[in-house]
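K.L.:
predicted coordinates and the sequence they were generated for:
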Amino acid sequence: MLVIILLIAIAFIVFATSKLKLHPFIALLIAAYGIAMSVGMGYIEISKTITKGFGGILAYIGIVIVLGTIIGVILEKSGAAIKMAEVVLKVVGKKRPVLAMSIIGYIVSVPVFCDSGFVILNALKRSMVRQLKVSGVAMSVALATGLFATHTLVPPTPGPIAAAGNLHIGNLGLVIIFGIGISIITMLAGYFWAIRSGKIHTSGEDLLSDLEHDSEVIAKYGQLPSAFKSFAPIFIPILLMALASVIKLLFPDSSDTFIYKIFIFLGEPTNALFIGLLFAATLLPKFDEERLSGWIGEGIKSAGEILIITGAGGALGAVLKASGIGQYLGETLQTLSLGIFVPFIISAALKSAQGSSTTALVVTSSIIYPLLANLGLDSELGKVLVVMAIGAGAMTVSHANDSFFWVVSRFSKMDVPTAYKSYTTATLVQGLVTIFVVYVLSSIIL
């Protein structure tokens, strides 16, 4: 009966968000209340469990999500994203434009949402298509899959942070280290599929003659910031968090030293992202109301929706843990020996059914948390790999119910069949390659 209750709850979340277009926050809350009442939880306990779960997850990653989102907005509006693209293009070279596009998407999507990243970089991509005589489909798929790789796997992107929070991972730096390593392979999988797609497909973009010149792209933002200023808000927080994780692993006996404490302090996610925000502030062309209030306010508003969905996911997870469903389901799944594939399957089903990768990451991590011990994944490294497995599922697959699918197809002038054959199948390849890598890693280190 417990399993049936959970399946009904998941089916409701999928149906409500995909068919009824109900906001995920309300759908998750209704599911949490429904499960709590169905298992006979006391009426006072229901409220306490839901509010504790909601507040607990936001206490852990709420500020991190807000700071990361603000940094993303500043990078977008200041032209720093375009500057990063220029630098990558110079390093990789115009002889490998498709690879350059993959890398550009990979870097930009760490702080900037997929949809925004694609729109920002679309003019640059179209200019490269015109100048270098390369397939528009190949370039579009490369950019989209590069964006997708870090969007689902690498903090401080909100989805992976929320999943890490729901799984109560104490060391976010480990998630970043594993996320970067695995997502590089994910990006390359998308790159090779983009090359293949460019050979067998054409798009309207290939035939356009009125494409923007590089000067017009840059003119949109005025004077572009320096390379250091552009990269610093992303890479300095990531570096600080990664260093703190490495120091904790390599020098556990030095915890009383001053240098150890400094690195651990700077590597705390909230502190690291705040430092990143200070570097992002150097990108502001003026310290006026439009930038200090408008840009930052836009970031806060964008973070608001993610925060409430994440909080509702935490509430659902708390109810699942208190209800006993997680323990029973974990014991049942343990006999099937699916292990690391369980979070991938649930996440992929949610992603394909309702379209949002972030929602898939939040909901799946909420469901999986009570199952970790029974699946043998309750160690710190086990939880990190679960985030990677959920991220792999959250990219499998992007199709017509995903807003990013329409951003990619419309801005690339691809018709729907071409988008399915090139982009949607690319996300399937990325997801399968990623879960294979995660499975191999889990077999070695767990």
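P.N.:
Structure received. Just so we're clear, the structure is a prediction, and the values are computed from it rather than from any experiment.

K.L.:
for this structure, what's the longest helix?
P.N.:
For the chain, the longest helix by residue count, based on DSSP state H, is helix 43-78.

K.L.:
helices and strands around that helix, which ones?
P.N.:
Using 3 or more Cβ pairs under 8 Å, 6 or more residues apart in numbering; DSSP states H and E, the elements in contact with helix 43-78 are helix 24-38, helix 114-132, helix 158-166, helix 227-250, helix 269-281, helix 296-323. Yep, even glycine has a C-beta here, placed from its N, CA and C like the rest.

K.L.:
which stretch in these has the least confidence?
P.N.:
Among the helices and strands packed on helix 43-78, helix 114-132 has the lowest mean pLDDT, at a mean of 82.

K.L.:
name the helices or strands packed onto that helix?
P.N.:
Looks like helix 114-132 contacts helix 43-78, helix 80-92, helix 97-108, helix 136-153, helix 214-219, helix 403-411 (3+ Cβ pairs under 8 Å, 6+ apart).

K.L.:
lowest-confidence stretch among those?
P.N.:
helix 214-219 (a mean of 55).

K.L.:
just the buried residues of the longest helix of the chain, please?
P.N.:
Buried residues in helix 43-78, counted by 16 or more other Cβ atoms under 10 Å: 46, 49-50, 53-54, 56-58, 60-78.

K.L.:
kindly report the same for stretch 429-446.
P.N.:
Those would be 429-435, 437-439, 441-442, for stretch 429-446 by 16+ other Cβ under 10 Å.

K.L.:
before we move on, what about stretch 357-367?
P.N.:
357-367.

K.L.:
out of those residues, list just those in strands.
P.N.:
The strands in this structure, assigned by DSSP state E, contain none of these.

K.L.:
and Ile445, how far from Ile247?
P.N.:
Counting by Cβ to Cβ, to the nearest Å, the gap from Ile445 to Ile247 is 20 Å.

K.L.:
buried deepest among the helices and strands packed on helix 43-78, which one?
P.N.:
helix 158-166 (a mean of 30; mean count of other Cβ atoms under 10 Å).

K.L.:
check which helices and strands that one sits against.
P.N.:
helix 43-78, helix 136-153, helix 172-200, helix 296-323, helix 357-368, helix 380-393.

K.L.:
quick one: contacts of it?
P.N.:
Outside helix 158-166, the residues that touch it by Cβ atoms under 8 Å, 6 or more residues apart in numbering are 57, 60-61, 64-65, 68-69, 151-155, 172, 175, 179, 269, 303, 306, 309-310, 313-314, 317, 357-358, 361-362, 364-366, 369, 383-384, 387, 390-391, 394.

K.L.:
now stretch 356-363
P.N.:
Here stretch 356-363 has contacts from 10, 13, 17, 24, 28, 114, 148, 151-152, 158-160, 162-163, 166, 306, 309-310, 312-313, 316, 347-348, 350-351, 354, 390-391, 393-395, 398, 402, 404, using Cβ under 8 Å, 6+ apart.

K.L.:
OK, contacts around Leu188?
P.N.:
Contacts of Leu188 (Cβ under 8 Å, 6+ apart): Ser102.

K.L.:
how far away is the closest residue to Phe279 other than its chain neighbours from Pro160?
P.N.:
Spatial nearest neighbour of Phe279, chain neighbours left out: Ala232 (4.2 Å); criterion: Cβ to Cβ, 6 or more residues apart in numbering. According to Cβ to Cβ, Ala232 stands 21 Å off from Pro160.

K.L.:
what lies in contact with stretch 75-92?
P.N.:
By Cβ under 8 Å, 6+ apart, stretch 75-92 touches 74, 97, 99-100, 103-104, 107-108, 111-112, 116-117, 120-121, 124, 128, 217-218, 220-222, 224-227, 229-231, 233-234, 280, 283-285, 295.

K.L.:
quick one: Phe231 from Val407, how far?
P.N.:
25 Å.

K.L.:
ok, now Ala348?
P.N.:
21 Å.

K.L.:
before we move on, back to that, what angle sits between the longest helix of the chain and helix 158-166?
P.N.:
For helix 43-78 and helix 158-166, the angle between their directions (axes from the mean of the first three to the mean of the last three Cα atoms, to 10 degrees) works out to 150 degrees.

K.L.:
next one: helix 43-78 to chain centre, how far?
P.N.:
The gap between the average C-alpha position of helix 43-78 and the chain average comes to 15 Å, counting by Cα atoms, centre = their mean, to the nearest Å.

K.L.:
likewise for stretch 154-169?
P.N.:
Worked out by Cα atoms, centre = their mean, stretch 154-169 lies 8 Å from the chain centre.

K.L.:
CA atoms only: put it into PDB for me.
P.N.:
Extracted as PDB, the C-alpha positions of stretch 154-169 are listed here (Å, rounded to 0.1, in the frame of the first residue of the first chain):
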ATOM      1  CA  VAL A 154      27.500  21.400 -11.800                       C
ATOM      2  CA  PRO A 155      26.700  23.700  -8.900                       C
ATOM      3  CA  PRO A 156      26.200  26.600  -8.400                       C
ATOM      4  CA  THR A 157      23.500  25.900 -11.000                       C
ATOM      5  CA  PRO A 158      20.300  25.700  -8.900                       C
ATOM      6  CA  GLY A 159      19.100  22.200  -9.800                       C
ATOM      7  CA  PRO A 160      22.200  20.300  -8.700                       C
ATOM      8  CA  ILE A 161      22.500  22.500  -5.600                       C
ATOM      9  CA  ALA A 162      18.900  21.700  -4.700                       C
ATOM     10  CA  ALA A 163      19.500  18.000  -5.200                       C
ATOM     11  CA  ALA A 164      22.600  18.100  -3.000                       C
ATOM     12  CA  GLY A 165      20.600  19.900  -0.300                       C
ATOM     13  CA  ASN A 166      17.800  17.400  -0.400                       C
ATOM     14  CA  LEU A 167      20.300  14.600   0.000                       C
ATOM     15  CA  HIS A 168      21.900  16.400   2.900                       C
ATOM     16  CA  ILE A 169      25.400  16.400   1.400                       C
END
